[in-house]
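Visitor: Below is the sequence, then the predicted model.
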2 protein chains.
Amino acid sequence: MPNRYDVADVLDGFLEMDEAAFVDFLKKNFPFRYGVGIGDDTSVVKTAGSFQLITKDILIEDVHFRLEDFTLEELALKSLAVNLSDIAAMGGVPQYFYLGLGFPRRLSMDKTVDFLQGMAKGCKQWNVDLAGGDLSASPMMFISITVIGEAQKPIYRHGAQTGDLIGITGITGESAIGLKLLLEEGIKTGYFVEKHKNVNPDLQKGPVLAHYVNSMIDLSDGLSIDLNRILTASGKGARVDYESIPATPQIKEICKTKGWSEYDCVLAGGEDYVLLFTLSKENEQKMRIEHPGMEYYIIGEIDDNPGQLRVESSGKTIHTPSLGYDHFKK
Amino acid sequence: MPNRYDVADVLDGFLEMDEAAFVDFLKKNFPFRYGVGIGDDTSVVKTAGSFQLITKDILIEDVHFRLEDFTLEELALKSLAVNLSDIAAMGGVPQYFYLGLGFPRRLSMDKTVDFLQGMAKGCKQWNVDLAGGDLSASPMMFISITVIGEAQKPIYRHGAQTGDLIGITGITGESAIGLKLLLEEGIKTGYFVEKHKNVNPDLQKGPVLAHYVNSMIDLSDGLSIDLNRILTASGKGARVDYESIPATPQIKEICKTKGWSEYDCVLAGGEDYVLLFTLSKENEQKMRIEHPGMEYYIIGEIDDNPGQLRVESSGKTIHTPSLGYDHFKK
């Protein structure tokens, strides 16, 4: 989950390298003997008959969320959802999770119960179990979740092939617009704000897509930055056709009204938690026939220009002020 | 790991129930379909041929540690060690772990590297791999570790039998004395302070003991409170002979000099990270023969008085001011 709030203040210059370099540094210093470790949405360890997926994400008060914007139940659900999304992005099914909770004493006991009720609701809604964890009083709230899942065939970021079509399972930009409304205008309700607060991980589509796709990631930091992660991992480039991205009339309208860059919201907004994938044209046809009702959008194609992402609108390349959020650099 | 620093300020009244009630509340609200979930040192899930153990512990700046007392390398090693100890306490072998790190921007980049170097050292020393995780800038430092391990035969807290001998694998009280020296006298070095800062999880003994013992736990919150956890889980009582507990002359001396209660340090100190176990007299003889060099001390016996822990010295029952630290009640 991207840092959203204290970004300028807290993160600028925090690490003197970008995320890719940091991941390389970690991979070099921490070899993993059990399977695939650092560098994808989850780690992957072969077990008898399948693969075990594990992912861990932390959410910190005033870095990833503000307590004033969420009920404790909403916060519990969102914390769980963003972690489950990582399992879906590997083509897996989440099974259970561990909760590390730092809880400020300034919040009342009721709030702890609200939070745990949110977790219980999430368990039911997404068919996962809480398996353990640790609770401590803490000066500020943080939530650290480790999810265990399973996949028959894990899908990595590094599998994109030249000629692959690029697909997304839903609409991008709505969460970013909701966040802008929250932060810039103090608006606490409405369609976009709800989209920002209530994350629906694509748990059904992940394992279905796994049968057809060559690479996959969930959109947490923005379409362009997350697509770039696939390109970097796969040593490929891509052309994206902006008109193919499902920006709704509502998105276009609010951006126009508020004077916000629509490109920025849609391409670089972040926290969309839809899946982005690449697959061959043959498999796309096959999937369309075998799963006729499944919502997804083909937005571009993988090519052979390593590291180059070209977004075109009406034949012209778009330059956006920001191409998505990097945790380490502003 | 027990909260040590802001205890009075942060924790008093934090939850309006004690830990046992809270664990019961969680167990009731979060059923676990994959094996044994909340309530022991780790969760346990059956896999092909063995059992997977998973544990998660969080350490928070100014709650569990003060940055002024540790180098970042020491802190990394201790954070990892206390989590590995939980795997040993189940009779398992740790394999790999996930690191969630909230890192304050006020610390320099060098400190992040120091911390990661400590982790790399721990990986080597304890033969475990870093498999993934999440790093974020944070107003205060916290460390959230999830360890994955394996056991052929997991040992739970609930297996103690009437007539079992009670054993511990090492000395208790030294870490608590070190902490008192740190907090009350600002003493930063020396034998006891080192004992507090450098935790050596009993990774060798855990899997060996698993062949003989009926119940096991690691001593994190103090001998008496952790033994009480075994008694509660097993529905048993115990008699402990204080003279059998290996309090060294150095412990006795420093307690006398400083005017500290030796009983309190030895019985309720906390952060000893030695293993406490119960086993039948026959198995104890067998273990003594089959592992002649292994250090451990028999300190008492399990009896049939549910929930009653009696510590005797020279035939008299000891009453200590505190019988160990409870995370939830002062």
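Guide: Received it, and whenever you're ready, just let me know what you need. Numbering: from 1, shown residues only, chains lettered A, B, ... in the order given.
Visitor: what about the helices in the stretch 151-300 of chain A?
Guide: A:174-185, A:191-197, A:205-209, A:223-234, A:249-258, A:262-268, A:281-290 (DSSP state H, counting those that start in this stretch).
Visitor: For those helices, please prepare CSV with the additional fields mean neighbour count.
Guide: C-beta: built from backbone N, CA, C; applies to glycine. CSV is the format used below for the helices of the stretch 151-300 of chain A (neighbours: other Cβ atoms under 10 Å in any protein chain shown):
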stretch, mean neighbour count
helix A:174-185, 20
helix A:191-197, 19
helix A:205-209, 22
helix A:223-234, 23
helix A:249-258, 14
helix A:262-268, 23
helix A:281-290, 14
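Visitor: In CSV: those, plus mean pLDDT and distance to residue A:36.
Guide: Converted to CSV, the helices of the stretch 151-300 of chain A look like this (pLDDT from 0 to 100; distance: least, Cβ to Cβ, whole Å):
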stretch, mean pLDDT, distance to residue A:36
helix A:174-185, 95, 29
helix A:191-197, 97, 31
helix A:205-209, 98, 17
helix A:223-234, 93, 12
helix A:249-258, 97, 36
helix A:262-268, 94, 28
helix A:281-290, 98, 23
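Visitor: Redo those helices as a markdown table? Include distance to chain B.
Guide: Putting these into a markdown table (distance: least, Cβ to the nearest Cβ, whole Å) gives the following:
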| stretch | distance to chain B |
| --- | --- |
| helix A:174-185 | 17 |
| helix A:191-197 | 19 |
| helix A:205-209 | 18 |
| helix A:223-234 | 15 |
| helix A:249-258 | 29 |
| helix A:262-268 | 20 |
| helix A:281-290 | 29 |
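Visitor: between these, which gets nearest to residue A:77?
Guide: In terms of Cβ to Cβ, the element of the helices of the stretch 151-300 of chain A nearest to residue A:77 is helix A:191-197, at 8.7 Å.
Visitor: Alpha carbons only: can I get that closest one in CSV?
Guide: The C-alpha coordinates for helix A:191-197 follow below in CSV (Å, rounded to 0.1, in the frame of the first residue of the first chain):
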residue,chain,number,x,y,z
TYR,A,191,-19.0,7.3,-4.5
PHE,A,192,-15.3,8.1,-4.9
VAL,A,193,-14.5,8.3,-1.2
GLU,A,194,-16.2,5.0,-0.7
LYS,A,195,-14.0,3.5,-3.5
HIS,A,196,-11.0,4.8,-1.6
LYS,A,197,-12.1,3.4,1.7
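Visitor: My guess is residue A:231 contacts residue A:309. True?
Guide: Yes. Using Cβ atoms under 8 Å, residue A:231 makes contact with residue A:309 at a distance of 6.1 Å.
Visitor: Next, show the common contact partners of the two.
Guide: A:237, A:238 (Cβ atoms under 8 Å, 6 or more residues apart in numbering or on different chains).
Visitor: Pop the domain breakdown of chain A in here.
Guide: A:32-151, A:157-317 (automatic domain parsing).
Visitor: Nearest to residue B:262, out of these?
Guide: The closest of the domains of chain A to residue B:262 is domain A:32-151. By Cβ to Cβ, the value is 29.0 Å.
Visitor: Run through the strands of the stretch 51-200 of chain A in chain order.
Guide: A:93-103, A:129-137, A:142-151, A:165-168 (DSSP state E, counting those that start in this stretch).
Visitor: Tell me the span between the first and last residue of stretch A:294-313.
Guide: 26 Å (Cα to Cα, to the nearest Å).
Visitor: for stretch A:132-152, same thing?
Guide: Stretch A:132-152: ends 25 Å apart by Cα to Cα.
Visitor: And for stretch A:54-73?
Guide: Its start and end residues considered, stretch A:54-73 measures 24 Å (Cα to Cα).
Visitor: Stretch A:23-35 now?
Guide: 16 Å.
Visitor: where are the low-confidence patches of chain A?
Guide: Scanning chain A for pLDDT under 70 picks out A:1-17, A:320-330.
Visitor: Report the central residue of it.
Guide: residue A:220 (2.6 Å; Cα atoms, centre = their mean).
Visitor: Quick check: the residue of the stretch 151-300 of chain A found nearest chain B vs residue A:66, distance?
Guide: Per Cβ to the nearest Cβ, residue A:220 is where the stretch 151-300 of chain A lies closest to chain B, at 11.3 Å. Distance of residue A:220 to residue A:66, computed by Cβ to Cβ, to the nearest Å: 18 Å.
Visitor: returning to that earlier point: so which of the strands of the stretch 51-200 of chain A is the most surrounded?
Guide: strand A:142-151 (a mean of 27; mean count of other Cβ atoms under 10 Å in any protein chain shown).
Visitor: Partner strands of that one, with direction?
Guide: Counting by DSSP bridges, the strands paired with strand A:142-151 are strand A:50-60 (antiparallel), strand A:93-103 (antiparallel).
Visitor: thinking in terms of the whole chain, how far from its middle is that strand?
Guide: Centroid displacement of strand A:142-151 relative to its chain, using Cα atoms, centre = their mean, to the nearest Å, is 14 Å.
Visitor: With stretch A:139-150 instead?
Guide: Distance, centroid of stretch A:139-150 to centroid of chain: 15 Å (Cα atoms, centre = their mean).
Visitor: Restricting to C-alpha, output it in PDB.
Guide: The C-alpha trace of stretch A:139-150 is given here as PDB (Å, rounded to 0.1, in the frame of the first residue of the first chain):
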ATOM      1  CA  PRO A 139       2.100   5.500  20.500                       C
ATOM      2  CA  MET A 140       0.500   5.400  17.100                       C
ATOM      3  CA  MET A 141      -1.600   2.800  15.300                       C
ATOM      4  CA  PHE A 142      -0.100   0.400  12.900                       C
ATOM      5  CA  ILE A 143      -1.300  -2.800  11.300                       C
ATOM      6  CA  SER A 144       1.000  -5.500  10.100                       C
ATOM      7  CA  ILE A 145      -0.600  -8.400   8.300                       C
ATOM      8  CA  THR A 146       0.900 -11.600   6.900                       C
ATOM      9  CA  VAL A 147      -1.300 -13.600   4.600                       C
ATOM     10  CA  ILE A 148      -0.800 -17.200   3.700                       C
ATOM     11  CA  GLY A 149      -2.300 -18.500   0.400                       C
ATOM     12  CA  GLU A 150      -2.100 -21.200  -2.100                       C
END
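Visitor: doesn't residue A:311 make contact with residue A:243?
Guide: No. With contact defined as Cβ under 8 Å, residue A:243 does not reach residue A:311; the gap is 10.5 Å.
Visitor: Quick check: end-to-end length of stretch A:240-248?
Guide: Where stretch A:240-248 begins and where it ends lie 17 Å apart, using Cα to Cα.
Visitor: Skip the chain neighbours and tell me the closest residue to residue A:44.
Guide: Of all residues not flanking residue A:44 in the chain, residue A:36 sits nearest, at 4.3 Å (Cβ to Cβ, 6 or more residues apart in numbering or on different chains).
Visitor: which ones are touching the one you found?
Guide: Contacts of residue A:36 were listed using Cβ under 8 Å, 6+ apart, and they are A:43, A:44, A:45, A:154, A:156.
Visitor: likewise residue A:219?
Guide: With the criterion set at Cβ under 8 Å, 6+ apart, residue A:219 makes contact with A:168, A:172, A:226, A:270, A:271, A:272, A:273, A:274, A:275, A:276.
Visitor: Now do the contacts for the third one.
Guide: Looking back up the chat, that one is residue A:226. For residue A:226, the contact set (Cβ under 8 Å, 6+ apart) comprises A:217, A:218, A:219, A:220, A:276, A:324.
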